[in-house]
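> with the sequence up front, the predicted model follows.
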Amino acid sequence: MLSPDERERYARHILLKEIGGPGQQRLKATRVAIVGAGGLGAPAALYLAAAGVGRLRLIDDDVVSLSNLQRQIVFRSKDAGAPKVERAAATLHALNPHVEIEQRNARLTNANAAGLLADAHLVLDGTDDFATRFAVNAACHTLGVTLISGAVGRWDGQLATFKSGITKHLPEDQRLPCYRCFVPEAPPNAETCAQVGVVGALTGVIGSMMALEAIKEIADAGESLAGRIFLFDGLGASARRVALPRDPACVVCGHG
């Protein structure tokens, strides 16, 4: 049940017919794992905590640096040098004490992904290296968990929801793609934001959209992004969605 404080706090959600009281209860009962507490994970975590998601699990082994503060809005200057999960947890608790914050000061790998993501109802991936993204995707597929993945670079961002793990037991023509259907292998000489730069506000756009898609999935509201990729052009102020077909030869969700 929602307390009187929670009913007041989430009043604007409860007014929405797509969420209402039942949807807010579902948010409270949900555990979301966020892999990467950086540019995308920071705004996503802030909005999910504000939305009343019952438990947030933050997974990151990095420490706060001054170069993070241009976009990682969950941190402050005084946090430099401290573990990201520790300082992010403090900010999120101050924002909403009703949310339980779980800290995992670890780098997610193929070896520990299943353990770090176990019992999560939904996973958000905002990391910036393909090895981690592949490990998250494989674990979500195996565990049967919905994955929301975001990425940014320079002025462009992308967002997708992957439900291969949810649909893997359905007939072939009803199964949805996974992240490896979109990115089969790591691109050669893949560039990171540390190498090419990124405008800070762009991470807020995509990170907030990751939180929005998570809220929609939890509340069963609107249309899921599963099976599509959302592409955002910050310089052109334009966006589009493109279909993402499942690859039957995918090494994770296909016969590869």
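Now that the structure is in, tell me what you want to look at.
> could you check which helix or strand contains residue 177?
According to DSSP states H and E, residue 177 maps onto no helix or strand at all.
> ok, residue 246 to residue 180 distance?
10 Å (Cβ to Cβ, to the nearest Å). The C-beta positions use only the backbone N, C-alpha and C, and glycine is treated the same way.
> more neighbours: which of those two?
Neighbours were counted for residue 246 and for residue 180 using other Cβ atoms under 10 Å; residue 180 has more, 22 against 18.
> wasn't that one part of a helix?
Yes. Applying DSSP: H, G, I helix; E, B strand; the rest coil, one finds residue 180 inside a helix.
> with adjacent residues omitted, what lies nearest to it?
residue 252 (4.5 Å; Cβ to Cβ, 6 or more residues apart in numbering).
> I'd like to know which elements the helix-or-strand element of the chain with minimal mean pLDDT is packed against.
Least confident helix or strand, the chain: helix 193-196 with a mean of 77, by mean pLDDT, DSSP states H and E. If contacts are counted by 3 or more Cβ pairs under 8 Å, 6 or more residues apart in numbering; DSSP states H and E, helix 193-196 sits against strand 146-153.
> what distance separates the helix or strand just after the strand it packs on from the centre of its chain?
Sequence order places strand 156-162 as the next helix or strand after strand 146-153, per DSSP H and E. A distance of 10 Å separates the centroid of the chain from that of strand 156-162, by Cα atoms, centre = their mean, to the nearest Å.
> likewise stretch 116-130?
Chain-centre distance of stretch 116-130: 7 Å, with Cα atoms, centre = their mean.
> need the three-state assignment for residue 212.
Applying three-state DSSP: residue 212 is helix.
> so what's it up against?
Applying Cβ atoms under 8 Å, 6 or more residues apart in numbering to residue 212 gives the contacts residue 47.
> start at 360 instead
I'll keep to 360 as the first residue from here, and by that count the last item is residue 571.
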